[in-house]
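Colleague: got a sequence here, can you model it:
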Amino acid sequence: MSNHFYHLLATWLPLKDEANWVLGAVIHTRGSVYRKTGALMLLSDAGHQLGLLSGGCIESDLLLQARKVIALSKSRRIVYDAADDSNIAWRLGIGCGGAAEVLLHPCSVHNEFLQLPAVLTCLQQQQACHFKLQIDAAQASLTPCARVFSQRQHGSLQLDVDASSGDKKILSTLINPLPHLLILGSGVDVIPLCQLALVLGWRVTLADQRLNSAKRDNFPAGVTALNFSAAELPNDLLQQIDGVVIAHHNLRLDAAAVAALQTRELTSPYIGLLGPAKRKADVLAAAGLSEAQLRYDVAGPMGLALGGDLPESIALSVLAECHAKIFGSSAVPLSAVALSEAAVQSCDTTGADAPHFSTSMRASL
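Modeller: Okay, here's the model as predicted:
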């Protein structure tokens, strides 16, 4: 199961009345940690653990803490600090070296399940929401909003100013729906592309006017398959799309798809085109378009230079580029990013201290 919050909620909803539940949230971090502020998971007294707040290091202890929350009907805040040899994190053998504070709130009918059913409804409609979780009371609210995928987007602690009920400290986090990939074409070479996108937890729609039941049976059950050309796709579907792969293995159909997409209202998706640069030039010529006339950029050849020439390697290459575009990443190696950040830090002469966890934040276990 994907760890995207949509999939966690879809798994949780039919189980919500079969056990007592706790929502876990990372509300503050320091240093190197696996999940950042705003990460969410669900735990129950029946042993369910839906999601992760670490790389798997603290989840067993979180389940124990969640059972205490349920037994006492009282929220808890726990700090896991790998640098403190007196902290539970030290005994758990956490290797990241950082610290994280986790908030555990009861999640039940008495607090409307912290609005999680409403969050799922938003996500099912391919709509994002700002989720606001109160820190000092087991209450939550949400506001639907446009989806915004950006690199390493996290939640933040804020002060919610309310003249009628007083100011409240909240965790505010943007919860996006699943990225939605549209594949135009139904060749066997895009089967691994569908499979890998589903492993990532994405929505996948396949559209090809040549699609028949025999071809459909080649694709995973989680793929929505449509016997449509690009020009026939409805506007409401296209406005949900975050990435497009054009792979008809037919220059005329690819050209028609490129031309059709350029006339529609899209949300600046990644668009990748099968084949080398020369084929892209031929497709654009057949579509009657020049590079300068494109409303939406078309990557051709699509993908990152990862090496490999089999469909599985090509799928990884294409999805890596698509993922980077959707989430606003440069797709450069993380080792290069780390070197760049180290260079910036070495030039920083402000001498500012790193943030600390206060003594009051260290909840007893």
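Colleague: can you give me every residue that contacts residue 191?
Modeller: 218, 219, 220, 311 (C-beta atoms under 8 Å, 6 or more residues apart in numbering). Where C-beta positions appear, they are placed from N, C-alpha and C, glycine not excepted.
Colleague: quick one: it is in a helix?
Modeller: Yes - under DSSP: H, G, I helix; E, B strand; the rest coil, residue 191 sits within a helix.
Colleague: state the distance from it to residue 221.
Modeller: According to C-beta to C-beta, to the nearest Å, residue 191 stands 13 Å off from residue 221.
Colleague: which residues of the stretch 51-200 of the chain fall in strands?
Modeller: Here the stretch 51-200 of the chain has its strands, by DSSP state E, counting those that start in this stretch, at 76-81, 99-107, 128-134, 140-145, 156-160, 168-175, 180-184.
Colleague: and for residue 298, the neighbour number?
Modeller: By other C-beta atoms under 10 Å, 21 other residues sit near residue 298.
Colleague: didn't it look like it was pressed against residue 258?
Modeller: Yes - using C-beta atoms under 8 Å, residue 298 is in contact with residue 258, at 6.3 Å.
Colleague: between the two, which contacts overlap?
Modeller: With C-beta under 8 Å, 6+ apart, residue 298 and residue 258 have common neighbours 246, 271, 273, 284.
Colleague: now tabulate those residues in a markdown table and tack on secondary structure.
Modeller: Below are the shared contacts of residue 298 and residue 258 laid out as a markdown table (three-state DSSP):
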| residue | secondary structure |
| --- | --- |
| 246 | strand |
| 271 | strand |
| 273 | strand |
| 284 | helix |
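Colleague: quick one: which of the residues you listed is nearest residue 7?
Modeller: residue 271 (26.1 Å; C-beta to C-beta).
Colleague: I'd guessed that closest one sits against residue 280; true?
Modeller: No - at 11.0 Å, residue 271 does not count as touching residue 280 under the criterion of C-beta under 8 Å.
Colleague: more neighbours: those two, which one.
Modeller: residue 271 (26 against 20).
Colleague: that one pairs with what?
Modeller: Beta-bridge partners of residue 271, counted by DSSP bridges, are residue 244.
Colleague: mind checking how far it is from residue 262?
Modeller: Taken as C-beta to C-beta, the span from residue 271 to residue 262 is 9 Å.
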